[in-house]
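Q: give me a model of this one.
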Amino acid sequence: MILLLVFTFLGDRLGGWVLGKIRDRSQFRYSRLYTGKGQADILLVGNSRGLPLFQPYVEEATGRSTLNLSYNGLPNYLGVAFVLDYLDRYPAPDQIVYDITICNGGNPPLTIGMGPYSDYSFRVDSLIKEVSDQDTTGHFDFAYKGQKFSHLYRYDSEVFLQMPYYLTKSDKYWLMDREIPKAMVDEMSDFKPLPFDIWPSMLTDLRQMVIKAKAKGSEVKFIVGPYYPGYADKLPNLDELIQKVEKTTGLPVADFSRGLSNGAYFADYQHPNLKGSKAYIDLLVEVGVFE
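A: The predicted structure follows:
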């Protein structure tokens, strides 16, 4: 039993070390952020709706380098943590372009899934602990202690799968490139989207991010990306979200939720496709978001 425990412990540490090497060598966005390879002129931040801020085209249109910290389902508290970690590690970027529709509740599985980066970020580590400590479902209450006990357990997530996938290639091209299915178009009239789940802490976090960014010399631009034509009108409290962000941070929100009128520019109700992304970025350039 003693030998088994010793070999289990050593195997866990060796396995964690090997996976850590994959993490550190990956070109995945958060690996670059935390290993000194993420310096950029413009930070782009959002959930999956931040991915249409398509880096190659933004860089072509602006002549400046970018780092997109967006991820599918990314909650605001993680987005803010990543920005603050960036500001701690690198020279201040010229701009931080932040899609506020990321302010829509939490995401415990994704938060726990950021475990591979907890060694690099006390903010990420604290958020994992908070989600684990506050869990009432029984699904995540052991996660923080488990990650501290087992190095391999930290990598048991969807997030880790991105690291070997982007080991030898860039993740700048991460974007859905399809046209919205006809069935979705036909169902639009009856579709009822859920309201934004606006937590007071989200607004406080945004204010603190703005304060630090300004102190470092970065300009924060809040935006709302485009929705499929007619979808934004169905969102029950989009205007409330915009007003609260503006009131709390003192910064305007540039609302492009109805900025694209061509349905062929969308992959679904919430995400522009590649053509839509380019049209969206052209619009941002035209109105001076990147100035």
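Q: tell me, how many residues neighbour Gly36?
A: Residue crowding around Gly36 was assessed by other Cβ atoms under 10 Å; the count is 10. In this view, the C-beta of every residue, glycine as well, is placed from N, C-alpha and C.
Q: an error on my part: the question was meant for Tyr153.
A: 17.
Q: these two touch, right, it and Gln147?
A: Yes - the pair Tyr153 and Gln147 passes the contact test of Cβ atoms under 8 Å, sitting 5.5 Å apart.
Q: list residues touching both of the two?
A: Gly115 (Cβ atoms under 8 Å, 6 or more residues apart in numbering).
Q: how about Lys221, phi and psi?
A: The phi and psi torsions at Lys221 (degrees, to the nearest 10) take the values phi -120, psi 110.
Q: show me the contacts for it.
A: For Lys221, the set of contacting residues under the criterion of Cβ under 8 Å, 6+ apart consists of Gln95, Ile96, Val97, Tyr98, Leu251, Ala254, Val289.
Q: near the residue nearest to it when sequence neighbours are not counted, how many other residues are there?
A: The spatially closest residue to Lys221, leaving aside those adjacent along the chain, is Val97, at 4.9 Å (Cβ to Cβ, 6 or more residues apart in numbering). Around Val97 there are 24 other residues, counting by other Cβ under 10 Å.
Q: distance of Val97 from Lys172?
A: Between Val97 and Lys172 the distance is 15 Å, computed by Cβ to Cβ, to the nearest Å.
Q: pretty sure the residue nearest to Lys221 sits in a strand.
A: Yes - under the criterion used here (DSSP: H, G, I helix; E, B strand; the rest coil), Val97 sits inside a strand.
Q: that one contacts Leu53, doesn't it?
A: Yes - in this structure, Val97 sits in contact with Leu53. The criterion is Cβ under 8 Å, and the distance is 6.6 Å.
Q: joint contacts of these two?
A: With contacts taken as Cβ under 8 Å, 6+ apart, the residues that reach both Val97 and Leu53 are Leu44.
Q: any chance you could map the helices in the protein?
A: Listed in chain order, the helices of the chain (DSSP state H) span 2-25, 29-34, 55-62, 76-89, 108-113, 122-134, 143-149, 158-165, 182-187, 200-216, 238-249, 274-287.
Q: need these in a markdown table (columns: mean neighbour count, mean pLDDT and distance to Asn47).
A: Converted to a markdown table, the helices of the chain look like this (neighbours: other Cβ atoms under 10 Å; pLDDT from 0 to 100; distance: least, Cβ to Cβ, whole Å):
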| stretch | mean neighbour count | mean pLDDT | distance to Asn47 |
| --- | --- | --- | --- |
| helix 2-25 | 13 | 89 | 22 |
| helix 29-34 | 22 | 98 | 14 |
| helix 55-62 | 18 | 97 | 16 |
| helix 76-89 | 22 | 98 | 8 |
| helix 108-113 | 21 | 96 | 10 |
| helix 122-134 | 18 | 96 | 16 |
| helix 143-149 | 18 | 93 | 21 |
| helix 158-165 | 17 | 96 | 14 |
| helix 182-187 | 11 | 95 | 19 |
| helix 200-216 | 17 | 97 | 12 |
| helix 238-249 | 17 | 97 | 13 |
| helix 274-287 | 18 | 97 | 15 |
